[in-house]
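Asks: Based on what follows, work out the 3D shape:
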Amino acid sequence: KDVSKARRGVDKWFEDYKVGQLSFSGSTLQNDSNDWDWIVIQDRVYNVTNYVDGLRDENSGKVIKDPTESDNAYLSPSLHSMIVNKLNEDASEIYSKLYKNDDYLDCMDQLFYVGVVDTRSNAACQTLNMAMYVMLVFVAALLVLQCICSLLYLARPHRSFTAKDGESPVMIMVPCYNEGDKELRKTINSVVETQYPSDNKVMVVIADGTITGKGESMSTPMTLSTILGFDIDDKEDSSYAYKSIGTVTNNRANVYSGTYEKGGKSLKYIVIVKRGIESERGSGRAGNRGKRDSQLIITGLFNRIHHERELCELDKAINSALNSLQVPAYDIEYLMTIDADTRVHEDSINHMVWNMNKDEKVLALCGETRVDNKNQSLITMLQVFEYYTNHHMKKAFESVFGCVTCLPGCFTMYRVFSADGRCMIAQDQVYSEYARNDIESLHEKNLYFLGEDRMLTTLLLKNFPDMRLSFVPEAACWTIVPHTYSILLSQRRRWINSTFHNMLELLKVKTMCGICCLSMKTIVILDLIATMILPASMCYAVYFIYLVFVTGEDISMLMLILYGVILGVQVVIFLLRSRWDMLFFFLVFMIAGVPLFYFILPLYSFAKMDDFSWGATRQVSKTAGNGEKSLTVTKSSSADKNTDRMPETKARDAARASRSRSSSRARPSSSASTSRPPRRSRHTTEQDL
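Replies: Below you'll find the predicted structure:
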């Protein structure tokens with residue numbers, strides 16, 4: 001009772017303070033061994049001075065080790081022997097061999113306990129602390145450098161464009177799959193409204209099969225015919241053969257061309273519809289070969305034209321259509337790729353072409369991709385700041401060193417031919433590696449089936465060490481991001497897994513700038529490690545927050561400064577651009593987005609690394625336009641599974657009835673000339689003359 005009262009008095013006097021445990025460092029115990037006797041068991045320190053003094057011989061002063069020779073040896077023989085033999089040492093190992101439980105420790109606690117061993121100063125702990133500080137300093141320094149690189153672009157003056165800046169012919173490639181009227185019309189109209197001269201731009205839309213998207217009444221090709229104003233007739237329209245990728249290596253496609261007019265502006269267009277071979281007719285996904293196959297149709301055309309190789313039937317049809325539109329294939333200098341749900345800013349093409357013309361060492365570049373449906377749901381809000389910082393921090397940093405590691409297919413421009421006549425995006429090595437159809441391993445399937453845009457970027461870095469891959473923040477576009485958790489889960493599974501495997505490929509690129517640890521390869525290694533340890537890092541962060549805010553653990557000033565820098569630089573990049581709206585999305589991302597993007601999504605992705613489907617990202621209609629049933633499928637990477645195809649008769653009749661007649665239509669002849677048209681004199685070299 002007296003002890004309890006005294007304890008309450010001490011607690012009252014301590015107020016907010018608590019009675020702690022006395023800790024002893026290893027060096028303190030060794031230095032004090034001459035003053036008192038101790039023993040350590042399982043990091044507990046026991047003061048056995050009184051017990052040992054009672055065992056000393058009065059004449060010699062030596063400790064009597066045999067318990068039968070001293071009346072003061074009141075402990076059990078085994079415990080007595082352990083103390084006298086391991087005096088001033090750690091006896092944990094001997095204790096664990098002698099006793100199977102902690103009963104004797106309870107006895108030792110009551111008799112001799114004085115404190116614990118201070119493990120904070122041991123070598124292992126100090127090494128981990130140093131490693132943590134080094135890592136945090138490195139990450140903070142890297143983010144500061146990224147912030148500086150981002151601000152370099154902020155300091156660039158405003159540009160004005162002249163008529164000469166719009167002389168370079170540009171092809172705008174739009175691969176599509178199951179997009180409906182809303183997405184396609186938005187994308188096409190945004191291309192029409194760009195300020196780049198209509199005479200020097202042509203849009204090539206490639207429909208990857210006759211697919212009807214979920215909730216749509218007609219297929220994507222029929223939707224295109226309704227918007228652009230050309231007629232589709234399955235019986236009369238000519239189809240052209242070409243070699244495709246996938247399990248079915250032959251395919252046929254229709255080609256339509258013309259001029260689309262809207263609001264006093266015009267746009268030259270070519271629409272390529274993959275129809276499939278005879279054995280595929282009647283299936284739900286006839287002709288579908290995937291996005292990479294669509295890209296290879298265009299790059300293959302440029303490759304064969306440049307090297308004056310024999311053109312396939314589809315090449316001839318596309319070449320004829322380009323000639324009829326007065327945009328010869330060999331004259332096209334830049335290939336711009338956008339997705340079918342992307343809306344481009346009116347001056348984006350001008351900015352991209354200007355940067356290409358200014359620096360002939362730029363092989364490809366991308367602009368800033370923004371979220372078009374940012375207020376649709378919480379899921380879309382979480383992605384706004386992520387998109388912003390990935391472009392204005394990561395891509396801006398990589399661009400300064402000419403090594404942008406991912407050029408997104410939704411908004412990128414490639415150089416088709418160099419000023420000295422070299423083939424660039426369709427160079428033999430790049431084209432042949434990108435067109436591989438022998439994808440067998442898990443690693444390669446993640447590269448080619450899920451991350452074709454990243455893989456193409458890696459091939460460019462590998463084969464063009466003298467060229468640069470750049471980022472142009474002035475060029476902007478808006479894209480539709482996943483608005484539900486299931487769609488986001490499918491998309492990020494593909495992105496995370498393909499990114500991880502692509503970074504392994506980037507480590508093989510020997511021409512990335514820098515030396516030793518001060519190189520882009522070091523950044524790739526850091527990104528690779530960060531991708532692998534993201535879930536573990538989140539667990540550490542949660543535990544760290546618990547220690548600081550719940551248990552009241554002290555945090556050093558250096559740690560506060562480092563964490564402040566890591567968070568602060570990400571805020572600075574949008575505050576200096578007066579993007580005050582980003583402050584809201586930053587807070588949303590930090591509260592709800594960090595656990596999702598840094599823990600849940602990586603864990604799910606790693607668990608599904610052998611899943612190569614597109615999941616919920618690309619769903620097609622369950623019912624046809626006439627009410628006939630069709631299977632719901634998702635877009636797989638191999639694009640070779642077939643389901644029942646819905647009839648399109650009613651959809652086609654409705655399209656023809658409502659179609660605008662403002663567009664001219666031209667069907668190319670399969671006997672198109674394969675002769676090479678002259679290049680523009682602007683690129684004629686002295687040697688050519």
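Asks: For the helix ranked longest in the chain, could you pull out the residues that count as buried?
Replies: With secondary structure taken from DSSP state H, the chain has its longest helix at helix 123-154. For helix 123-154, burial by neighbour count (16 or more other Cβ atoms under 10 Å) applies to L136, A140, L142, L143, Q146, C147, C149, S150, Y153. The way it works is simple: take the backbone N, C-alpha and C, and place the C-beta from them, glycine included.
Asks: Which single one of the residues you listed is nearest to P535?
Replies: Of all these, the one sitting nearest P535 is L136; the distance, using Cβ to Cβ, is 18.7 Å.
Asks: Surely that closest one touches L562?
Replies: Yes. Using Cβ atoms under 8 Å, L136 makes contact with L562 at a distance of 4.5 Å.
Asks: hmm, back to that, for the following helix or strand past the longest helix of the chain, packing partners?
Replies: Taking DSSP states H and E as the definition, the helix or strand that follows helix 123-154 towards the C-terminus is strand 170-176. Taking 3 or more Cβ pairs under 8 Å, 6 or more residues apart in numbering; DSSP states H and E as the contact definition, the neighbouring helices and strands of strand 170-176 are helix 181-192, strand 201-207, helix 291-306, strand 334-338, helix 348-358.
Asks: Make TSV from those and add distance to R120 to it.
Replies: Putting those into TSV (distance: least, Cβ to Cβ, whole Å) gives the following:
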stretch	distance to R120
helix 181-192	58
strand 201-207	63
helix 291-306	54
strand 334-338	55
helix 348-358	54
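Asks: for the stretch 501-650 of the chain, what are the low-confidence residue spans?
Replies: The model of the stretch 501-650 of the chain has pLDDT under 70 over residues 514-517, 615-650.
Asks: wait, the stretch 1-150 of the chain
Replies: Judged against pLDDT under 70, the low-scoring parts of the stretch 1-150 of the chain cover residues 1-8, 10-11, 14-19.
Asks: can you give me the helices in it?
Replies: Listed from the start of the chain, the stretch 1-150 of the chain has helices (DSSP state H, counting those that start in this stretch) covering 2-14, 26-31, 49-53, 77-85, 92-98, 103-112, 123-154.
Asks: So which of the helices and strands packed on strand 170-176 is nearest F597?
Replies: Once the helices and strands packed on strand 170-176 are compared by Cβ to Cβ, helix 291-306 is nearest, at 24.3 Å.
Asks: what's D208 in contact with, if anything?
Replies: P175, C176, Y177, K274, G287, N288, R289, G290, K291, D293, S294, A639 (Cβ atoms under 8 Å, 6 or more residues apart in numbering).
Asks: which phi and psi does the closest residue to it other than its chain neighbours have?
Replies: Among residues not flanking D208 along the chain, Y177 sits closest, at 4.8 Å (Cβ to Cβ, 6 or more residues apart in numbering). With angles defined as degrees, to the nearest 10, Y177 sits at phi -130, psi -70.
Asks: just checking, D181 touches L228?
Replies: No. If you go by Cβ under 8 Å, D181 and L228 don't touch, sitting 11.7 Å apart.
Asks: higher neighbour count, the two?
Replies: Comparing D181 with L228 by neighbour count (other Cβ atoms under 10 Å), the higher total belongs to L228, at 25 against 17.
Asks: Pull the contacting residues for the more buried one.
Replies: Each residue near L228 by Cβ under 8 Å, 6+ apart is listed here: I188, Y256, G258, Y260, Y269, V271, S663.
Asks: Looking at the residues you listed, state which has the most neighbours.
Replies: Comparing the contacts of L228 on neighbour count, Y269 comes out first with 28 neighbours (neighbours: other Cβ under 10 Å).
Asks: Spit out the contact partners of it.
Replies: Remark: with contacts taken as Cβ under 8 Å, 6+ apart, Y269 is in contact with I188, V202, M203, V204, V205, L228, S257, G258, T259, Y260.
Asks: quick revisit: narrow the contacts of L228 to those in strands?
Replies: The subset of the contacts of L228 located in strands under the criterion DSSP state E comprises Y256, G258, Y260, Y269, V271.
Asks: Please dump those into JSON lines; it should also carry distance to S519 and pLDDT for every row.
Replies: Compiled in JSON lines, the ones in strands among the contacts of L228 are given as follows (distance: Cβ to Cβ, whole Å; pLDDT from 0 to 100):
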{"residue": "Y256", "distance to S519": "49", "pLDDT": "97"}
{"residue": "G258", "distance to S519": "50", "pLDDT": "96"}
{"residue": "Y260", "distance to S519": "47", "pLDDT": "96"}
{"residue": "Y269", "distance to S519": "44", "pLDDT": "97"}
{"residue": "V271", "distance to S519": "45", "pLDDT": "97"}
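Asks: what two of those are the furthest from one another?
Replies: That would be Y256 and Y260, which, of the ones in strands among the contacts of L228, are the farthest apart (Cβ to Cβ) at 11.3 Å.
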